[in-house]
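K.L.:
Predicted structure and sequence below. I'll ask about it afterward.
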Amino acid sequence: METILKRISTRNFSEEGLDKDKLEIVTKVINKENKGIFGNCFEFNLVDQKFMKKNKVKRIGTYGVITGNPSYIFATTDNSVKQIMDYGFVLENIVLDLTDSNIQSCWLGGTFSRKNLYKMFKLAQEDKIPAVIAIGNRGEKKSFVQNLMGSNYHSRKPFGELFFNNEPFKKLSQEQAEAFYEPLEAMRMAPSSMNDQPWRAIKEKDVIHFYCEMNNESKSKYVDMGIGLSHFQRLCAKNNIHGRWDVFDNANINNMKYIISYTAD
């Protein structure tokens, strides 16, 4: 839980960028074998300042959203729902591993230049980039967006608004959550696009059924869902809550789309 609480979205990076030692840490982390909960694997790319200068690209992150000179991490997907969720899941695992090494990060969904990435890496039209991660050392100057959002950006919905006991919308308490409290709390603290927090869950005995609130059809919600599931699984592993992922024939509930379930052994 310490790593998850330590992770915050950093938009103000230093001008110097990451040094050689930290770039080696990043390379090691992104080259580790990875697999999402739906079985998808990704080949991640590191875009550092040296590579950008070589390709005559000044920035990837949108001006006013990111300050300083961060590096970036991304991979491509086929734009299917399950692959997008796995993309969020695996890339957030990378974010948390980098957080352990005191490397700051920020998710960028709609506020980065896909055009520059397609140009530098000669990507095909069918290659999709759902989001990128900006990484680096924290700087002093806050971005326009960071000043605009202030501390409200880090607020989260109450536990009982997101997670339910046995049936939809019946609030789940910490006591009722039992061993699943910390994994669900870790999910509650996960970052999401515009702080949307689309994850929902229903606990039935030793099974947690996960849903995604779909008040619109934005595929960024599936990236967010993968991020939240990454936090959940990380705390299950840390707390020795062994289990398996299952996909049941669960119906959608109102605007909540059924995603997957976790069954404890």
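P.N.:
Perfect, thanks for sending it. Given the structure is predicted, the values throughout are model-derived calculations rather than measurements. Numbering: from 1, shown residues only.
K.L.:
just the helices in the stretch 1-150 of the chain please.
P.N.:
2-6, 20-30, 49-54, 81-100, 114-121, 144-149 (DSSP state H, counting those that start in this stretch).
K.L.:
Would you mind finding the most buried of those?
P.N.:
helix 81-100 (a mean of 22; mean count of other CB atoms under 10 Å). In this view, the C-beta of every residue, glycine as well, is placed from N, C-alpha and C.
K.L.:
what distance separates that one from the centre of its chain?
P.N.:
5 Å (CA atoms, centre = their mean, to the nearest Å).
K.L.:
relative to helix 20-30, how tilted is that helix?
P.N.:
Put simply, helix 81-100 runs at 150 degrees to helix 20-30, going by axes from the mean of the first three to the mean of the last three CA atoms, to 10 degrees.
K.L.:
mind checking which of the helices of the stretch 1-150 of the chain is nearest Asn215?
P.N.:
Asn215 lies closest to helix 81-100 among these, at 16.5 Å (CB to CB).
K.L.:
pLDDT score assigned to Thr3?
P.N.:
pLDDT recorded at Thr3 is 86.
K.L.:
sorry, back to before: nearest to Asp265, out of the helices of the stretch 1-150 of the chain?
P.N.:
helix 81-100 (20.8 Å).
K.L.:
Average pLDDT for that closest one, rounded please.
P.N.:
Rounded mean pLDDT across helix 81-100 is 97.
K.L.:
same question, stretch 224-232
P.N.:
98.
K.L.:
and for that stretch, what are the contacting residues?
P.N.:
4, 36-37, 84-93, 96, 107, 183-184, 186-187, 189-193, 196-199, 208, 210, 212, 259-260, 262 (CB atoms under 8 Å, 6 or more residues apart in numbering).
K.L.:
Go again with 7 Å.
P.N.:
With contact meaning CB atoms under 7 Å, 6 or more residues apart in numbering, stretch 224-232 is reached by 4, 36-37, 85-89, 92-93, 183-184, 186-187, 189-193, 196, 198-199, 210, 212, 259.
K.L.:
just stretch 31-39 next, same as before
P.N.:
In contact with stretch 31-39 (CB under 7 Å, 6+ apart) are residues 41-42, 82, 85-86, 89-90, 226, 229, 245, 260.
K.L.:
Look up how far Gln83 lies from the closest residue to Tyr118 other than its chain neighbours.
P.N.:
Nearest-residue entry for Tyr118: Asp127, 7.7 Å, with adjacent residues in sequence omitted and distances by CB to CB, 6 or more residues apart in numbering. Going from Asp127 to Gln83 by CB to CB, to the nearest Å gives 12 Å.
K.L.:
Please report the number of neighbouring residues for the closest residue in space to Leu5 that isn't next to it in sequence.
P.N.:
In space, and not counting its chain neighbours, Leu5 is closest to Met189: 6.9 Å by CB to CB, 6+ apart. Neighbours of Met189 under the rule other CB atoms under 10 Å: 16.
K.L.:
what do you get for the one 10 residues further on?
P.N.:
Other residues near Trp199 number 28, with proximity taken as other CB under 10 Å.
K.L.:
can you give me phi and psi for the residue nearest to the spatial centre of the chain?
P.N.:
Nearest to the geometric centre of the chain sits Ile227, at 3.4 Å (CA atoms, centre = their mean). Phi and psi for Ile227, reported as degrees, to the nearest 10, are phi -60, psi -50.
K.L.:
Tyr258 now?
P.N.:
Torsion angles, degrees, to the nearest 10, at Tyr258: phi -70, psi 140.
K.L.:
so what's it up against?
P.N.:
Contacts of Tyr258 by CB under 7 Å, 6+ apart are 209, 211, 250-252.
K.L.:
Any figure for the gap between the nearest residue to it once chain neighbours are set aside and Ile208?
P.N.:
Nearest residue to Tyr258 in three dimensions, chain neighbours excluded: Asn250, at 4.2 Å (CB to CB, 6+ apart). Distance from Asn250 to Ile208, counting by CB to CB: 12 Å.
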